[in-house]
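1. Prediction below, plus the sequence it came from.
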Amino acid sequence: MAYNQFPERPDESVGSWMLTLLVCGIPVIGFIYLLVLAFGSGAAPSKRNFARAVFAWEIIALVATVILYVLFGAAIFAGLNSGH
């Protein structure tokens with residue numbers, strides 16, 4: 001397929017990005033919205049990539065949180081069982 005045969009997508013407006021960021025900040029609705037953006041076919045490529053990047057950061061944060069809970073939980077548990 002030649003370069004000029006790809007369909008052209010208009011750039012996203014500032015208002016569209018503001019709405020995207022606002023909706024992403026709502027706890028459950030934002031997660032669902034990001035799922036639709038990341039895995040749906042109707043989103044612009046820039047928003048699809050944005051949603052995928054947010055999911056990557058969320059996975060990193062979740063793994064770090066679990067590791068910290070395990071480490072500090074084990075330390076607190078060991079302190080409680082020490083008998084002091």
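-> Thanks, I have it.

2. Show me what counts as buried in the strand or helix carrying Ala61.
-> Secondary structure from DSSP states H and E places Ala61 in helix 45-80. Residues Lys47, Arg48, Phe50, Ala51, Val54, Phe55 are the ones in helix 45-80 that count as buried (16 or more other Cβ atoms under 10 Å). (Glycine included, C-beta is placed from N, CA and C.)

3. Now do the same for it: mean pLDDT, whole number.
-> Per-residue pLDDT over helix 45-80 has a mean of 92.

4. can you pull the pLDDT of Trp1?
-> Just so we're on the same page, residue 1 is Met rather than Trp. Per-residue confidence (pLDDT) for Met1: 52.

5. before we move on, what about the one 10 residues further on?
-> The predicted local confidence for Asp11 comes out at a pLDDT of 82.

6. Now do the SS call for it.
-> coil (DSSP: H, G, I helix; E, B strand; the rest coil).

7. And for it, the neighbour number?
-> The local packing of Asp11 (other Cβ atoms under 10 Å) involves 8 other residues.

8. can you redo the buried residues of helix 45-80 as a markdown table with distance to Gly79?
-> As requested, those are arranged in a markdown table below (distance: Cβ to Cβ, whole Å):
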| residue | distance to Gly79 |
| --- | --- |
| Lys47 | 47 |
| Arg48 | 47 |
| Phe50 | 43 |
| Ala51 | 42 |
| Val54 | 37 |
| Phe55 | 36 |
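
9. closest to Val36 among these?
-> Distance to Val36, by Cβ to Cβ, is smallest for Ala51 among these, at 8.2 Å.

10. Between the buried residues of helix 45-80, which sits nearest Cys24?
-> Ranked by distance to Cys24 (Cβ to Cβ), the buried residues of helix 45-80 are led by Val54 at 6.9 Å.

11. quick revisit: helices and strands around the helix holding Ala61, which ones?
-> Counting contacts by 3 or more Cβ pairs under 8 Å, 6 or more residues apart in numbering; DSSP states H and E, helix 45-80 packs against helix 14-24, helix 27-39.
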